[in-house]
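Asks: Here is a sequence together with a model predicted from it:
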Amino acid sequence: MTREVLLTIPDDVFRKAQQIATTQSRRIEDVLADSITLKDTRVDDDWSEPDKAFESEMQAYIAMHGKLKRTLFGQYVAVHGGKLVDKDTNYSALVERVRANYPDTAVWMSRVDEEPIATLTIRSPRIVRE
């Protein structure tokens, strides 16, 4: 299925597309359509694989939080593959090891506190008129 769309593009982009179309004996619309990619755009309903993996690690951390709270309260932990893979009292040291051991991989890192995910309260200023 195709749709007709009115699109305003910069002159230099048009000239380049026109040159490519001419040299390849193609229609300019086809050259432009082939050049448009949406690979860096994320739609919330269509999570990318890294997002799903990160969500999975977060859920694993939440599930094991009770046990972690009893044994590692106040420490920083790393969860990968649904398992605790590293811990440290120093967050920077933990991050350095995780980056070295799990490059380009989703790893959940968090401080073990009372709640698995901290609740943030943001206060809004009030204007009081006299």
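Replies: Done, it's in.
Asks: right, and the helix or strand after the strand or helix carrying residue 66?
Replies: Mapping residue 66 onto the secondary structure by DSSP states H and E places it in helix 49-72. Next along the chain after helix 49-72, taking DSSP H and E as the criterion, comes strand 76-80.
Asks: next one: that next one to chain centre, how far?
Replies: With C-alpha atoms, centre = their mean, to the nearest Å as the basis, strand 76-80 stands 18 Å off its chain's centre.
Asks: what does stretch 66-81 give?
Replies: In terms of C-alpha atoms, centre = their mean, the centre of stretch 66-81 is set 23 Å apart from its chain centre.
Asks: do stretch 71-87 as well
Replies: Centroid separation for stretch 71-87 versus its chain: 21 Å, with C-alpha atoms, centre = their mean.
Asks: circling back to that earlier point, just name whatever secondary elements the helix holding residue 66 is in contact with.
Replies: Using 3 or more C-beta pairs under 8 Å, 6 or more residues apart in numbering; DSSP states H and E as the contact criterion, the elements in contact with helix 49-72 are strand 76-80, strand 83-88, strand 108-111. For the C-beta atoms, the positions are set from N, CA and C on the backbone; glycine is no exception.
Asks: Would you mark the buried spots in that helix?
Replies: Of the residues in helix 49-72, those buried under the neighbour-count criterion (16 or more other C-beta atoms under 10 Å) are 53, 54, 57, 58, 60, 61, 64, 65, 68, 72.
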